[in-house]
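Peer 1: Sequence below, structure please.
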Amino acid sequence: ALLREALVKTGKVGLAKVVIATKQHLAVLVPSGPALVLNLLRWGDEVKSLADLDLPAAGVKGAKVSPAEMKMAEQLISQMSGRWEPADFKDEFKHAVMKIVQKKVKAGDTETVIEPEEEVPEQNANVIDLTELLQRSLKGSKGSAARKRAEEEAKPPAAAKKPAKAAAKTPARKAATPARRRA
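Peer 2: Have a look, this model is predicted:
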């Protein structure tokens, strides 16, 4: 809430680097009502220049569009226009996948899948008090020294690794075991 309200009051947004799956993204953190919205941006090398694209000229005359073509296009848009109803749009891909899944279930072509346990956050999670960090940063306004100290304190502690669960041995795994021992 502090970050959101400070961004609103200063008329600024936050920039961030986030990793989703295995790709790093540049993002902007924008206050929106009671929420903070994270919008992904494009890296400079991912943005094509308009000069690199083979586009028709702008404007009706430049694009060589006849009045009859324009009238036809406007009529088509008018006929296809309607009130926006989000319920009219479905995730057709997900629906098709679920249809296949249901078909396999009915055919008995299933196997038991054990879902991995969700990691429960530790009770003593490192909660950072932004107000305190900001106050310390402003007091020791020597610039980089105060900023570096605040960044160090803001880093989460290294998480203790949990031992991996032993997987059930399969015939393929038993066959591969001696080869691993030789290596």
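Peer 1: Could you verify my assumption that Leu38 touches His25?
Peer 2: No - between Leu38 and His25 there is no contact under C-beta atoms under 8 Å: 9.4 Å. All C-beta atoms are positioned from the backbone trio N, CA, C, and that covers glycine.
Peer 1: Of the two, give the one with the bigger neighbour count.
Peer 2: It is His25, of Leu38 and His25, that has more neighbours when counted by other C-beta atoms under 10 Å, with 16 against 13.
Peer 1: Pretty sure that one sits in a strand.
Peer 2: Yes - His25: assigned to a strand according to DSSP: H, G, I helix; E, B strand; the rest coil.
Peer 1: Look up the pLDDT of the closest residue to it other than its chain neighbours for me, please.
Peer 2: Ranked by C-beta to C-beta, 6 or more residues apart in numbering and with sequence neighbours excluded, the top spatial neighbour of His25 is Leu40, at 4.8 Å. For Leu40, the model assigns a pLDDT of 96.
Peer 1: who's in contact with Thr10?
Peer 2: With C-beta atoms under 8 Å, 6 or more residues apart in numbering as the criterion, no residue contacts Thr10.
Peer 1: For it, give me phi and psi.
Peer 2: As for Thr10, its main-chain torsions (degrees, to the nearest 10) stand at phi -90, psi -10.
Peer 1: Against Glu46, how distant is the residue nearest to His25?
Peer 2: If you measure Leu40 against Glu46 using C-beta to C-beta, to the nearest Å, the figure is 11 Å.
Peer 1: These two - which one has more neighbours?
Peer 2: Each of Leu40 and Glu46 has its neighbours counted (other C-beta under 10 Å); Leu40 has more, 12 against 8.
Peer 1: Tell me who's in contact with that one.
Peer 2: Counting by C-beta under 8 Å, 6+ apart, Leu40 makes contact with Val18, Ile20, His25, Leu26, Ala27.
Peer 1: give me the number of residues near the second one?
Peer 2: Using other C-beta under 10 Å, Ile20 has 9 other residues around it.
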